[in-house]
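Undergrad: Provided below for reference: sequence and predicted model.
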Amino acid sequence: MARIALLLAIIILGYLFWKKLNSCPPKQRQKLLLRSGFFLLLIVILLLVATGRIHWIAVAVTAALPVIKILFNLLLRAIPFLQVWLRNRQTPTKNTPSTSTGLTEEEAWQLLGLQPGASREDIIQSHKRLIQKLHPDRGGNDYLAAKLNAARDLLLGH
């Protein structure tokens with residue numbers, strides 16, 4: 001008996017919807033169809049959840065898909081800005097301190113006693129000469145040896 005009442009209700013609602021649809025102008029008809037389709041889909045999903053044919057988590061994930069799509073599109077638009085930001089974070093300029101020692105390139109040249117633009121061999125020779133004098137095993141201290149090593153690494157790009 002409940003099935004017959006439900007079927008009659010569906011037939012009556014369908015007839016009323018058909019009359020409303022035929023009386024609307026074309027632009028409102030399209031809006032009405034979209035809105036009705038959405039609500040019909042929502043009712044079907046709620047009935048499936050209520051009867052246990054679909055788990056509510058599957059419905060929640062499905063409902064989240066449009067939001068995920070919007071977030072993904074925003075991320076795609078933001079990629080060029082993220083690339084510029086990351087590039088600016090990774091390449092230190094001449095006057096900014098290197099990340100680990102707080103040593104600038106200018107200070108590194110002064111520590112090794114060289115002019116900017118000196119060759120790789122000059123950097124290695126100067127470091128070797130100074131580290132032999134200032135190494136902790138030879139009477140120097142850890143701080144100066146670490147600074148010399150940092151200056152060499154910064155200038156050689158290690």
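TA: Received, thanks.
Undergrad: pLDDT on the longest helix seen in the chain, on average?
TA: For the chain, the longest helix by residue count, based on DSSP state H, is helix 56-90. Taken as a whole, helix 56-90 has an average pLDDT of 84.
Undergrad: chain center to that helix: distance?
TA: With Cα atoms, centre = their mean, to the nearest Å as the basis, helix 56-90 stands 7 Å off its chain's centre.
Undergrad: quick check, central residue of this protein?
TA: residue 75 (6.8 Å; Cα atoms, centre = their mean).
Undergrad: ok, so what distance separates that residue from residue 82?
TA: 9 Å (Cβ to Cβ, to the nearest Å). C-beta coordinates here come from the backbone N, C-alpha and C atoms, glycine included.
Undergrad: can you list the domain ranges for the chain.
TA: Here the domain assignment for the chain is 2-89, 105-156, based on automatic domain parsing.
Undergrad: which of those sits most buried?
TA: Of all those, domain 105-156 has the most neighbours on average by mean count of other Cβ atoms under 10 Å, namely a mean of 15.
Undergrad: just for this protein, where's the confidence low?
TA: 91-101 (pLDDT under 70).
Undergrad: quick check: residue 40 vs residue 17, distance?
TA: 10 Å.
Undergrad: cool, residue 39 as well?
TA: Counting by Cβ to Cβ - residue 39 and residue 17 are separated by 11 Å.
Undergrad: go on, residue 66?
TA: Residue 66 is 25 Å from residue 17, by Cβ to Cβ.
Undergrad: can you check residue 137 too?
TA: From residue 137 to residue 17 the distance is 92 Å (Cβ to Cβ).
Undergrad: in what helix or strand does residue 11 lie?
TA: Secondary structure assigned from DSSP states H and E places residue 11 in helix 2-23.
Undergrad: and that helix, what does it pack onto?
TA: Counting contacts by 3 or more Cβ pairs under 8 Å, 6 or more residues apart in numbering; DSSP states H and E, helix 2-23 packs against helix 26-50.
Undergrad: and the contacts of the helix it packs on?
TA: 17, 20-21, 24, 54-56, 59 (Cβ atoms under 8 Å, 6 or more residues apart in numbering).
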